[in-house]
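Novice: The sequence and its predicted three-dimensional model are supplied below.
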Amino acid sequence: MKNMKRAGAILGVILLVGMYLVTLVFALIDSPWALDALKISIGLTILIPVLLWVYLAMFRYMEGRKKENEAASSDKEN
């Protein structure tokens, strides 16, 4: 599970850096579709960290539930 969490964090960092670069490129391009692409890129730059935070919060919640269930089942066996 620790490797999965680490891989998720690395993927998140890669996505954010990519989105920052794409946002910069779209801001510098003078094209009719660049403004729409810039708006989408800025939106995703905000949305991706929020989704990563939700993912990590759910991961912590599920880990806590797993430990509680294991403790409860071991108490019933004794």
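Specialist: Happy to help now that I have it.
Novice: In the helix or strand hosting F26, which residues are buried?
Specialist: Assigned by DSSP states H and E, F26 belongs to helix 2-28. Neighbour-count burial for helix 2-28 flags G12, L15, M19, V22, T23, F26 (criterion: 16 or more other Cβ atoms under 10 Å). (Each C-beta comes from the backbone N, C-alpha and C, glycine too.)
Novice: swap in stretch 23-42?
Specialist: Within stretch 23-42, judged by 16+ other Cβ under 10 Å, the buried ones are T23, F26, A37, L38, S41.
Novice: who's in contact with the spatially closest residue to the third one that is not a sequence neighbour?
Specialist: When the adjacent residues along the chain are set aside, A37 lies closest to F26, with 4.6 Å between them (Cβ to Cβ, 6 or more residues apart in numbering). Residues touching F26, when contacts are defined by Cβ atoms under 8 Å, 6 or more residues apart in numbering, comprise A34, A37, L38, S41.
Novice: so the second one, which of the three states?
Specialist: Here A37 takes the helix state, with states given by DSSP: H, G, I helix; E, B strand; the rest coil.
Novice: Report pLDDT for it.
Specialist: If you check A37, the pLDDT there is 80.
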